[in-house]
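# Got a sequence here, can you build the structure:
(one chain, ligands or ions: 1)
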Amino acid sequence: TRMRVDVVSIFPEYLAPLDLSLIGRARASGVLDLAVHDLRTWTHDVHRTVDDTPYGGGPGMVMRPEPWGEALDALVPVGEEPPPRLVVPSPAGVPFRQALAHEWAAERHLIFACGRYEGIDQRVLEHAATRMPVTEVSLGDYVLFGGEVAVLVIMEAVTRLLPGVLGNADSLAEESHAHGLLEAPVYTKPPGWRGHDVPEILRSGDHGRIARWRRDEALVRTARRRPDMLAVLPATELDKRDIAA
Ligand SMILES: Nc1cc(-c2ccc3ccn(Cc4ccccn4)c3c2)[nH]n1
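Alright, predicted model coming up:
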């Protein structure tokens, strides 16, 4: 098996979509070995308590360290080499970008800790960091209820980079965040639809002009929607003439 992934959550059913489609196929093909665990497995009280009031006061509850400690003990075999990476979605995390997806696609073992409430007692991450690399990661500047949907996003971004998962390797090559620009628009049949026609050039068969047209469209789109992406492009990539046009 290429990669093992463990996900721990108090809402394991939130991760059910990982059984579907491409990720389901990656699991069936053996390239991905995924297990979802209920954090309450590692509670011992009759109410299976996972949260408590925050030290220092403030609203909401905080996830207790003990269940997380036992969960991670159970999921990391003693002396596992290389150690797994612990990924903890958090509003205070580093931004998740395609570069991280590529890095994590090379890992042998990922463990995702899905927090809820106001988050996980920080000592869980501090202690885990004595045994494995730990990354707190944010999907963006908006606040979710918990880490589960972030794990779905991260798992999709990482799994599609695993060998054999993407059917047509070219689509990986075409990936927008690879050449630093947004994708050009895409079209398919019919050539005319509700009065909207497919740009003639795409039906010309002139592949050189088509490639140029797509690049120009990508540049214009990026300039309009994501000027920040252009700021980091190496000058060689950016032909000012394209933008002016
Ligand atoms: N990019 C992201 C990531 C998250 C995220 C990830 C994990 C948890 C566990 C709990 N919460 C709620 C919460 C709300 C307020 C302050 C702290 N946490 C999460 C939110 N929101 N946005």
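# State which helix of the chain is the longest.
helix 207-225 (DSSP state H).
# What mean pLDDT does the helix or strand that comes right after it get?
Downstream of helix 207-225, the first helix or strand assigned by DSSP states H and E is helix 227-231. For helix 227-231, mean pLDDT rounds to 93.
# What is helix 227-231 packed up against?
helix 207-225 (3 or more CB pairs under 8 Å, 6 or more residues apart in numbering; DSSP states H and E). To be clear about C-beta, it is placed using only N, CA and C from the backbone, and glycine gets the same treatment.
# Geometrically speaking, which residue is the centre of this protein?
residue 154 (1.9 Å; CA atoms, centre = their mean).
# hmm, back to that, can you give the distance of the longest helix of the chain from its chain's centre?
27 Å (CA atoms, centre = their mean, to the nearest Å).
# And for stretch 182-202?
30 Å.
# cool, stretch 147-158 as well?
With CA atoms, centre = their mean, you get 5 Å for stretch 147-158.
# Show me which residues of it are buried.
147, 148, 149, 150, 151, 152, 154, 155, 157, 158 (16 or more other CB atoms under 10 Å).
# Could you list the residues of this structure in contact with the ligand?
Contact residues (CB under 6 Å from any ligand atom) of the chain with the ligand: 89-91, 115-119, 138-140, 142-147, 150.
# What about those residues, which are in helices?
Counting by DSSP H, the residues of the chain next to the ligand place residue 150 in helices.
# Would you show me how to pick out the buried ones of the residues of the chain next to the ligand in ChimeraX?
Buried members of those can be picked out in ChimeraX with the line below, counting by 16+ other CB under 10 Å:
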select :89,90,115,116,117,119,138,139,144,146,147,150
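# For the ligand, what's its nearest residue on this structure.
Of all residues in the chain, residue 115 sits closest to the ligand, at 3.2 Å by CB to the nearest ligand atom.
# Report the contact partners of that residue.
Residues in contact with residue 115 (CB atoms under 8 Å, 6 or more residues apart in numbering) are 63, 88, 89, 90, 146, 147.
# can we see that at 6 Å?
63, 146, 147 (CB atoms under 6 Å, 6 or more residues apart in numbering).
# Run a quick neighbour tally on residue 202.
A count of nearby residues for residue 202, using other CB atoms under 10 Å, gives 18.
# List the buried residues for stretch 11-23?
11, 12, 14, 15, 18, 23.
# Over to residue 3: give its phi and psi.
phi -140, psi 140 (degrees, to the nearest 10).
# got the contact list for it?
With the criterion set at CB under 6 Å, 6+ apart, residue 3 makes contact with residue 32.
# go again using 10 Å as the cut-off
26, 31-34, 104-110, 158-159, 162-163 (CB atoms under 10 Å, 6 or more residues apart in numbering).
# Kindly supply the ChimeraX command isolating those of the residues you listed that are buried.
In ChimeraX, the members of those classed as buried (16+ other CB under 10 Å) are selected with the following command:
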select :26,31,32,34,104,105,107,109,110,158,159,162
